[in-house]
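**Student:** Make a model of this:
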Amino acid sequence: MKLNRIYRKQLIKSDINNVWKYFSSPVNLPEITPGWLNFKIISGVPEKMYEGLVIEYRVSPFLNMKVKWITEITYVKEPYFFVDEQRFGPYRFWHHKHFFEETNDGNVLMTDEVHYIAPLNFLTGAVISKKLNDIFNYRHNKIEEIFNRERL
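**Tutor:** All right, here's what the predicted structure looks like:
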């Protein structure tokens, strides 16, 4: 059983309060998730997350097979940090830390750190890690569009 890690950083051209408002709202998650994942929140969610919030999703990560994914927000330090952890779902283990740090020029450096264990070890390198990298690449590009593209 191998513990895998994803580590990503992205500069967001906005102030920390706007960035926090966007990322702390579970209703924005589908916007930064690729369509091929068929991601859907199936539980009611508040506009703003809080410690202990349990969210139920449905995803189709492989061959259009629907999988329930239940996560809990286990720690929140507004506007700098939150953690989501899988309670039930496609991974043996999922722990995702989100950090937001103000930069000297008034922007925000966002850092994601995910530790996960794939459902089957042999899938990790071949399929799971590629899919997760594709998801985080998509997310990076969407965040660029939302926050970093010049508005006309």
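**Student:** Could you check how far the nearest residue to residue 93 once chain neighbours are set aside is from residue 2?
**Tutor:** Leaving out its chain neighbours, the residue that sits closest to residue 93 by C-beta to C-beta, 6 or more residues apart in numbering is residue 117, at 4.0 Å. Just so you know, the C-beta spots here come from the backbone N, C-alpha and C atoms, and that holds for glycine as well. Remark: distance between residue 117 and residue 2 (C-beta to C-beta, to the nearest Å) = 7 Å.
**Student:** quick one on the thing from earlier: hang on, isn't the residue nearest to residue 93 packed against residue 89?
**Tutor:** No: look at residue 117 against residue 89 with C-beta atoms under 8 Å: they stay out of range, at 11.8 Å.
**Student:** quick one, strands of the chain?
**Tutor:** 4-12, 40-41, 54-62, 65-77, 81-88, 93-102, 108-117 (DSSP state E).
**Student:** give me every residue that touches residue 136.
**Tutor:** With contact set as C-beta atoms under 8 Å, 6 or more residues apart in numbering, residue 136 has these partners: 6, 8, 112.
**Student:** Correction: the previous question concerned residue 128.
**Tutor:** Shown in contact with residue 128 (C-beta under 8 Å, 6+ apart): 4, 116, 118, 119.
**Student:** again, but for residue 15
**Tutor:** Contacts for residue 15 (C-beta under 8 Å, 6+ apart) come out as 102, 106, 107, 108.
**Student:** got it, and residue 118?
**Tutor:** 2, 4, 91, 92, 124, 128, 129.
**Student:** any idea how far the last one is from residue 18?
**Tutor:** Residue 129 sits 32 Å away from residue 18, taking C-beta to C-beta as the criterion.
**Student:** Thank you, goodbye.
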